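*Asks:* Based on what follows, work out the 3D shape:
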Amino acid sequence: MHTSRLFVSLAGLTLLLAACSKSEAPTATQPADHKPAALPTQEPAQPQGATAESIKPLTQKKFGQPVTETKTTALTDLTKEPAKFAEQTVRTEGVVSAVCKSMGCWMEIADTTGKAHIKMAGHSFFVPRESSGHRAVIQGKVLAPEGGDKGVCGADDGCGQGGSAKLAQVNIEATGIEFID
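*Replies:* All right, here's what the predicted structure looks like:
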C-alpha cells in the first residue's frame, strides 16, 4: 500500500515537472518562424533590497517648505562637479537609498550615476524612516565639498546614531522634500 502511494506521488510529480519544462513548439496555428512576444521593459533601477512589494506607501508626501524651484538639476551633474554647485539652491531627484534610522534627519538619494547625502536644514523637519525605495524631489543648498574624508555621518548630525554610514560625495541641506511615487 505504501509503495503504491509513493508511485502515484512520483508519477504526479513527474507529470508536473514535464508540463512546467515544456518548451514552446510551433503548432498548426503558429508558423515555424514564430518568435515569442517581447518581454516588457524593465522599471528604473531601485536601491538594493527595495522592491515594489517591500515599499510601504507613505501617508504624507511633502516635508519642510514647498519645493518652488522649477529647473531640475540632474544628480549626475551634481556628482560630477559638486564644487560648481556649492552654496547654490538646487532641485534634484532620485530614489531614497538610505535614511537615518533614529529620527529621519538625513537620507541619501541615488541613481545609476551616484548619490547625494541630504540633511534636513536645522533639523526643522524629518522624513519617514521607511522612505527607502521611494522617489523624492529635493530642494536645498549644495554644501561646499569638504577637504579630506570626513568619514561617516551621524556623529556630527545630532541624530544620536553615531558614525554609522559613509558620506556621499555631494551634500545637500534640504529645505523641502516631496515624494513623487
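
*Asks:* alpha carbons only for contacts and neighbour counts from here, please
*Replies:* Will do.

*Asks:* for His134, what are its contacts?
*Replies:* By Cα atoms under 8 Å, 6 or more residues apart in numbering, the residues touching His134 are Ile55, Val95, Val96, Phe179, Ile180, Asp181.

*Asks:* could you flag which of these are buried?
*Replies:* Buried by 16 or more other Cα atoms under 10 Å: Val95, Val96, Phe179, out of the contacts of His134.

*Asks:* Could you list the low-pLDDT ranges of this structure?
*Replies:* In the predicted model of the chain, residues 1-54, 147-168 satisfy pLDDT under 70.

*Asks:* can you do 90?
*Replies:* 1-56, 111-114, 144-169, 181 (pLDDT under 90).

*Asks:* where do the strands sit along it?
*Replies:* 62-64, 89-99, 106-111, 114-120, 135-142, 152-153, 165-166, 170-179 (DSSP state E).

*Asks:* Leu78 is nearest to which of those strands?
*Replies:* Among the strands of the chain, strand 170-179 comes nearest to Leu78, with 6.9 Å by Cα to Cα.

*Asks:* Can you give the strand pairings for that closest one, parallel or anti for each?
*Replies:* Strand 170-179 pairs in its sheet with strand 62-64 (antiparallel), strand 114-120 (parallel), strand 135-142 (antiparallel), by DSSP bridges.
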